[in-house]
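Trainee: Sequence and predicted structure below; questions after.
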Amino acid sequence: MTTGQRATRAPRAFAAALACVALATAGVARAAAVPQLAQLPQRWQDDDGRELALGQLSGDRVILTMAYASCHRICPATINALAAMQKRLDARGETAAFVVVGYDPDNDDAAAWREYRRRHHLERANWHFLSGTRAHTEQLARALGFDFWKYDEHVMHGSRALVFDASGRLQVALGPETRDWASVL
């Protein structure tokens, strides 16, 4: 790589990193306006190719995040935080549905999520990896404060999860400012 190539890439990398920081904090301010689960787009496909409506999960606490299957940085950290929440709930004998909606409908299909689950040992029945249309994905992201965009082949996004109670009402919004997500349960 030449000096000129490095000089061109450095500002782009800095801009991308700065954008991630902005994304990580932007959604937190909108948490109060989050609709109930039943008011969100309902038509999703799970990693087995079956249709799942978010409303089907009413009666359970729901912990929802967005991710994309080929992410190597933020999404694995988010999924690890959800796994820690699962352990905390297990230790207390409590249950919840964990919902991961794909940011990238062109690539986050049932097969990609099935492979992701297998690779990350997330095969419990209360974990739901969902994909949908681009319109539903963008509508869900806007409604829940998940800002994202494509940058080359990557999806730029922050780390965020929402905890809904058994009635489908928002209990808490989690982001990078919450160090230990499991502690809020």
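Mentor: Cool, got the structure.

Trainee: Where does the prediction get shaky in this protein?
Mentor: For the chain, the stretches flagged by pLDDT under 70 are 1-32.

Trainee: can you map out the helices along it?
Mentor: Applying DSSP state H to the chain gives helices spanning 3-29, 74-92, 110-119, 134-144.

Trainee: got the angle between the second one and helix 110-119?
Mentor: In terms of direction (axes from the mean of the first three to the mean of the last three CA atoms, to 10 degrees), helix 74-92 departs from helix 110-119 by 60 degrees.

Trainee: Residues contacting helix 74-92, please?
Mentor: With contacts defined as CB atoms under 8 Å, 6 or more residues apart in numbering, helix 74-92 is touched by 20, 63, 65, 67-68, 95-96, 98, 100, 120, 122, 124, 157-161, 174, 180-182, 185. Quick note: C-beta positions are derived from backbone N, CA and C, even for glycine.

Trainee: can you do 6 Å?
Mentor: T65, A67, A96, F98, S159, W181, A182, L185 (CB atoms under 6 Å, 6 or more residues apart in numbering).

Trainee: Could you report the neighbour count for the nearest residue to D165 once chain neighbours are set aside?
Mentor: Once flanking residues are discounted, D165 sits nearest to Q171: 5.1 Å by CB to CB, 6 or more residues apart in numbering. Other residues near Q171 number 15, with proximity taken as other CB atoms under 10 Å.

Trainee: Ok, Q39 next?
Mentor: Neighbours of Q39 (other CB under 10 Å): 12.

Trainee: about what we covered before: do I have it right that the residue nearest to D165 meets V163?
Mentor: Yes - using CB atoms under 6 Å, Q171 is in contact with V163, at 4.6 Å.

Trainee: Pick out whichever of the contacts of helix 74-92 sits closest to N107.
Mentor: The nearest member of those to N107, counting by CB to CB, is A67 at 11.9 Å.

Trainee: Measure how buried the nearest residue to the closest one once chain neighbours are set aside is and give me the count.
Mentor: Counting by CB to CB, 6+ apart, A67 lies nearest to C75, which is 3.9 Å off, once chain neighbours are set aside. A count of nearby residues for C75, using other CB under 10 Å, gives 21.

Trainee: And R179, by the same measure?
Mentor: Counted with other CB under 10 Å, R179 comes out at 7.

Trainee: Now do the residue nearest to D165 against D108, distance only.
Mentor: Here the criterion is CB to CB, to the nearest Å. By it, Q171 lies 26 Å from D108.

Trainee: Show me what the residue nearest in space to the middle of the chain bridges to in the sheet.
Mentor: Centroid check for the chain by CA atoms, centre = their mean gives M66 as the closest residue, at 1.8 Å. Listed beta-bridge partners, M66: V101 (assigned using DSSP bridges).
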